[in-house]
Every structure is written in structure tokens, then in C-alpha cells.
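> Give the three-dimensional model of this entry:
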Amino acid sequence: MCAIVCALCIGFVLAGCSNDDAYEPAELSPVVDTPTILESGVLTVGLNADNAPFTGTSNGKLVGLYVDSAYALADQMGLTVKFVDVGADGGLDALNSGTVDIVFGMDASVVDETVWLSDSVAETGVTLFAAPDNATAPAADSAPMIAAQVSSKSAWAVENVFGSSSVVAASNLESAFSSLETGDAAYVAADGVIGSYAAKDFKVEVVPVAVLEQPTAQCIAVLASNQDLVDAVTAAVASVNDGGILDLVAKKWLGSPVDLASLPLIEGTAAPAETAEEGGEAAIDEEGAATEEGAGSEEGAAAEEGSVEADLSDSLDSDTSSAGANAVLPSGGTAADAGLA
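All right, here's what the predicted structure looks like:
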């Protein structure tokens, strides 16, 4: 377990760790082998490679919340990692075709009898962020000023709950969070994970105070017929959760773990100028943002707007992968060989 923790220090100096520390690979025996997994000693992981901050590319290498989580999971199973980009909607096909062993980031709302879903490894949903000195959720019948990226799902959610007069339109998330500092807004609405990552990247201190929709769990998917792998993944997820490894990964990428399920849900009756049924989703589509359907895609982590993913992907370049020394890179070789561990 210490080996995993030290590996997570790559790119970020965490308490008690140093990039100068010698890495000692964990001596764990593989808990599964072929034919339970596709390749002996290797966990083949499907994910959406263009899904910042969950997964992105920096200097030709995959990085992100799911990447680090997958390394931790594989280490716990005594396996190395190989990633396969299944895109935003290809997770089920990749599993059923035998292209991957597991898929990271499958939306818990996906109903398919061929697939088993793990406990949550992340949660998504429209979240209200506030400055620490205003860490109180607004009442549903109040009229708070809430900054949100224009034409985004979050802006639509604010309008739906509080009315259009509460929306402070922002061109991007950086502008939205700046509204807190200028006093133009008391809250920022954004996806819980994306907003947390953006605030950390922009060095804005905020706390999540409420959600405007039921959070959606993002899970690891395994073929339900592969009971041995289901059992192995179940045990590994429990271990990295109980051992605090997933919290450490979240701290690296998001500043702190994001527990949306513990936040109050604000529901309102305000009628937006244009509901989703009357064209709201179409307007969002035209701006390249995630629609209500898009937010529930198989890999789950939809961007607030077309420009958001680009902005966050750019900022991933300042972060490096925390691959374990035994992790197989997409281009071949191990993280230790590449100097990542």
C-alpha cells in the first residue's frame, strides 16, 4: 500500500512523501489470471481518454482521476495496467466484445443485464460552490446570484430551480469562479468533479454546499458473467476505498474528496424560460455542452460546455501521472522504465 501512496506523489508533493523516495514495487501476487482476464498479469482497462479531469493526455501519456484510480486498483490486484480508449459511449461494446476486462466511469443509471457495476468511484451532478465564509446552501424560495457557464447544463439547472434572474452568465468556469471574488455572485454552479478540479486549478478556495440534481454514481463495469473478476474487483475497490487511496487520488486532482451524496438537494418550482422539452437541450447541444442525456452517458463525466473540456485538458499538462512502477503505459513499457515511478 505504501508503494501506491508514494507513486501518487508524482507531480504533487503530498504530506510525508518525496519524489526523491526510492520506489519499492509491492510484492503482491495476481489475484486473477487468464481466462478471467484477457492477458496474464495485466488488467485491461477501458475508459474515455478525452474526458478531463477524469482522463486526459499530458506529454503523450494518459493522466487523470480515473487513470490514477485504475493504477491503484490494479496494484491491489497484483496486476499491471493497459488502457484502451473506448470513447464516450463505447464501454458496453468493449466489454461485450472482449476488448477490455473492465470499464472505468460507467454511469450507475446504465441498465444492462450483461454488466455488473461496482460501488461508486466518483459522483457527478450539478453542484453549488461557495466561498468558505458563505458555506450555507440557499433556500429554494430565495433568489441567490449564481454564476454558471452560459448555455451549460448547470445554467439550465439554476434557472429551473431559482429562475432566470438568479443566473449570472459566465463565459467560462474561470470567469464564474472570479464572480465569487468580485461579489457579482454568491455561488457557482458546475458539475461537482469538474468544478472542484477547476477551482483547484484556478487557485480559488471554495466548498460544495448543495446539489441541484440527484448525484449520479460513476462505477467500474465488469461482465456479469465473469464472476471471478467481479469478486476480485469488489475486493480491490473495497480495499482502496477503506485504505484511503481513492481519497488520496481525489485530493491530488480535486483538492479534497467530493461527496455529493452528503450534500442537501435543492429542488424548486421555478419555470425556466425554455424547458428541456421545449428546446433547452437543443440550445445546449448547439453550444457543444452536455445535455441531460449526455450527462448520463456510459462513461458519465460530461463536460459543462464544449470549451470546458478544452480548458481542463490544457491544465492537465501541468499534472503528471502517478503510475505505479509496474504500470504498463499505452505505448508499451512500464512506468518505472519511463521514469514515472
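> drop to CA atoms for contacts and neighbour counts, all remaining ones
Noted.
> can you give me the mean pLDDT across the longest strand belonging to the chain?
The residue-count maximum for a strand in the chain (DSSP state E) belongs to strand 216-223. Regarding strand 216-223, the rounded mean pLDDT is 97.
> so what secondary structure elements neighbour it?
Counting contacts by 3 or more C-alpha pairs under 8 Å, 6 or more residues apart in numbering; DSSP states H and E, strand 216-223 packs against helix 91-96, strand 102-107, strand 115-117, strand 122-124, helix 227-242.
> closest to Ser256 out of those?
In terms of C-alpha to C-alpha, the element of the helices and strands packed on strand 216-223 nearest to Ser256 is strand 122-124, at 12.4 Å.
> Give me the helices and strands touching whichever helix or strand comes after the closest one, please.
Downstream of strand 122-124, the first helix or strand assigned by DSSP states H and E is strand 126-130. In terms of contacts (3+ C-alpha pairs under 8 Å, 6+ apart), strand 126-130 is packed against helix 153-162, strand 187-191, helix 192-202, strand 207-211.
> which of those is buried the deepest?
Neighbour counts averaged per stretch over the helices and strands packed on strand 126-130 are highest for strand 187-191, at a mean of 31; criterion: mean count of other C-alpha atoms under 10 Å.
> For that one, what is the distance to the chain centroid?
16 Å (C-alpha atoms, centre = their mean, to the nearest Å).
> And stretch 160-179, by the same measure?
22 Å.
> Enumerate the positions of it that are buried.
The neighbour-count check on stretch 160-179 (16 or more other C-alpha atoms under 10 Å) flags 160-164, 166-170, 172-174, 176-179 as buried.
> Go through those and flag which are in helices.
Among these, the members falling in helices (DSSP state H) are Asn160, Val161, Phe162, Leu173, Glu174, Ala176, Phe177, Ser178, Ser179.
> Same list (those residues) but as TSV, adding distance to Asp93 and pLDDT.
TSV is the format used below for those (distance: C-alpha to C-alpha, whole Å; pLDDT from 0 to 100):
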residue	distance to Asp93	pLDDT
Asn160	35	95
Val161	37	96
Phe162	40	96
Leu173	33	96
Glu174	36	95
Ala176	37	97
Phe177	38	97
Ser178	41	96
Ser179	42	96
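> who's in contact with the residue nearest to Leu180 when sequence neighbours are not counted?
Among residues not flanking Leu180 along the chain, Ala186 sits closest, at 5.8 Å (C-alpha to C-alpha, 6 or more residues apart in numbering). For Ala186, the contact set (C-alpha atoms under 8 Å, 6 or more residues apart in numbering) comprises Ala130, Ala131, Asn134, Pro144, Met145, Ile146, Ala147, Ser179, Leu180.
> Quick one: neighbours of the second one, just the number.
In this case it means Ala131. Using other C-alpha atoms under 10 Å, Ala131 is surrounded by 19 other residues.
> Look up how far Ser152 lies from it.
Distance of Ala131 to Ser152, computed by C-alpha to C-alpha, to the nearest Å: 22 Å.
> what about the protein, any weak spots by pLDDT?
Across the chain, the ranges flagged by pLDDT under 70 are 1-27, 269-341.
> Report the contact partners of the residue nearest the centre of it.
The C-alpha lying nearest the average C-alpha coordinate of the chain belongs to Phe54 (C-alpha atoms, centre = their mean; 4.1 Å). Residues near Phe54 by C-alpha under 8 Å, 6+ apart: Gly64, Leu65, Tyr66, Val67, Ala301.
> how about 6 Å then?
Counting by C-alpha atoms under 6 Å, 6 or more residues apart in numbering, Phe54 touches Gly64, Leu65, Tyr66.
> where's it relative to Ala186, distance?
Separation of Phe54 from Ala186 (C-alpha to C-alpha): 27 Å.
> now the end-to-end length of stretch 109-119.
13 Å.
> residues in contact with that stretch?
Outside stretch 109-119, the residues touching it (C-alpha under 6 Å, 6+ apart) are Cys219, Ile220, Ala221, Val222, Leu223, Ala224.
> let's see it at 7 Å
Contact with stretch 109-119 is made by Cys219, Ile220, Ala221, Val222, Leu223, Ala224, Thr234, Glu298, as judged by C-alpha atoms under 7 Å, 6 or more residues apart in numbering.
> For it, buried residues please.
So, applying 16+ other C-alpha under 10 Å, buried residues of stretch 109-119: Val110, Val115, Trp116, Leu117, Ser118, Asp119.
> Distance from that stretch to the middle of the chain?
With C-alpha atoms, centre = their mean, you get 18 Å for stretch 109-119.
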